[in-house]
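Asker: Attaching a predicted model along with its sequence, questions to come.
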Amino acid sequence: MPAPRLTVVGSINLDLVARAERLPRPGETVGGATFSRIPGGKGANQAVAAARLGAVVSMIGCVGDDELAAPALAGLVEAGVGLAGLKRTSGPTGVALITVDAEGENVIVVAPGANHELRPEDLALPDGDAVLCQLEIPIETVEQASFIAPAEFFLNAAPAGGRVPAADVTIVNQYELETLPTRNGVIAVTLGAEGAILLEEGQEVARAAPPPVEAVDGTAAGDAFTACLVVSLLEGRARDEALRRACVAGAIAASRFGAQTSLPTAEEVDALL
């Protein structure tokens, strides 16, 4: 079948990652960490993941006119994601400060920077493409994307809080599910180590469990899950199969370090299935 076409409208960050034996308590300093700079941002992560999974992907986002923009875009360029819709602003490129412990648990603080400069009037969506958004950009821009999407509209309603536009498929974790204004339509809910479920009009219609893996860093596991679910559905796969594939993609990402550096290819997902 032809590769699905997907436009991702979302955030682009540079992740500043410290790996330590354990996470610090409030007011505590933990030493002995290692440091890495890795391309990130939920939008960029999902765009890179979808491209590695076989989709033809375009990215609409915003970066600053600073020294962080190039490394933040490096993963998108390497994955072959189209950047014709990229906006540049005089503000700083978005940054995520991430600390990861030896068990793969993390804490994240995001300074959105240029991501908050992506406005509704910046959107020029290619004809025929499905659209995937998250909530790390202004909600007005997400709402505009949902309104003008030429095909299916997918929404990863994260981070939680505020308005949530309607989507053909909404992807959330179990905590974000509680913040949705309605449970109408199709909702995929990730449950961590327990896998994921698919709800339709509030009723469970599919469930999948992830393969056992050793957790290393959960930073982009949700982004891998989201991208794989969307690409699998656009490929015409059955819902239960798409959910299984998404759980495998998320598990692979959790077993590797970093955000975009952890995202699997379609071949890797198929091999673990």
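Answerer: It's in.
Asker: Give the closest residue to the most centrally placed residue in the chain in space, chain neighbours not counted.
Answerer: The structure's the chain has its C-alpha centroid closest to residue 223; by Cα atoms, centre = their mean the separation is 3.1 Å. Here the nearest residue to residue 223 in space, its sequence neighbours aside, is residue 45; by Cβ to Cβ, 6 or more residues apart in numbering that works out to 3.8 Å. Every residue, glycine included, has its C-beta placed from N, CA and C.
Asker: got it, and residue 260?
Answerer: Nearest one to residue 260, counting by Cβ to Cβ, 6+ apart, is residue 75 at 3.9 Å.
Asker: I figured the one you found hits residue 48, correct?
Answerer: Yes - contact criterion Cβ atoms under 8 Å: residue 75 and residue 48 qualify, at 5.0 Å.
Asker: before we move on, back to that, what sits against the residue nearest to the centre of the chain?
Answerer: Counting by Cβ atoms under 8 Å, 6 or more residues apart in numbering, residue 223 touches 42, 45-46, 49, 156, 253, 259, 263.
Asker: Quick check: which ranges of this structure have low pLDDT?
Answerer: Low-confidence segments of the chain, defined by pLDDT under 70, are absent; every residue clears the threshold.
Asker: So what's the residue count around residue 92?
Answerer: A total of 18 residues lie near residue 92 under the criterion other Cβ atoms under 10 Å.
Asker: what's the answer for residue 103, then?
Answerer: The local packing count at residue 103 equals 14, with neighbours defined by other Cβ under 10 Å.
Asker: Next, find the distance separating it from residue 23.
Answerer: Residue 103 sits 9 Å away from residue 23 when distances are taken as Cβ to Cβ, to the nearest Å.
Asker: before we move on, what about residue 120?
Answerer: When residue 120 is compared with residue 23 (using Cβ to Cβ), they lie 38 Å apart.
Asker: How about residue 186?
Answerer: The spacing between residue 186 and residue 23, counted by Cβ to Cβ, is 35 Å.
Asker: which residues does the residue nearest to residue 223 contact?
Answerer: Contact partners of residue 45, counting by Cβ under 8 Å, 6+ apart, are 220, 223-224, 227, 259-260, 263.
Asker: what about the helices in this protein?
Answerer: With helices called from DSSP state H, the chain shows them at 42-52, 69-79, 139-148, 174-177, 221-234, 239-254, 266-272.
Asker: Including distance to residue 13, could the ones you listed go into CSV?
Answerer: Listed next are the helices of the chain as CSV, based on distance: least, Cβ to Cβ, whole Å:
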stretch, distance to residue 13
helix 42-52, 7
helix 69-79, 6
helix 139-148, 16
helix 174-177, 19
helix 221-234, 12
helix 239-254, 16
helix 266-272, 24
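Asker: and among those helices, the most buried is which?
Answerer: Highest mean neighbour count of the helices of the chain: helix 42-52, a mean of 30 (counted as mean count of other Cβ atoms under 10 Å).
Asker: so that one versus helix 69-79, what angle?
Answerer: Going by axes from the mean of the first three to the mean of the last three Cα atoms, to 10 degrees, helix 42-52 is angled at 20 degrees with respect to helix 69-79.
Asker: Quick one: distance of helix 42-52 to the chain centre.
Answerer: Distance of helix 42-52 from its chain centroid, counting by Cα atoms, centre = their mean, to the nearest Å, is 6 Å.
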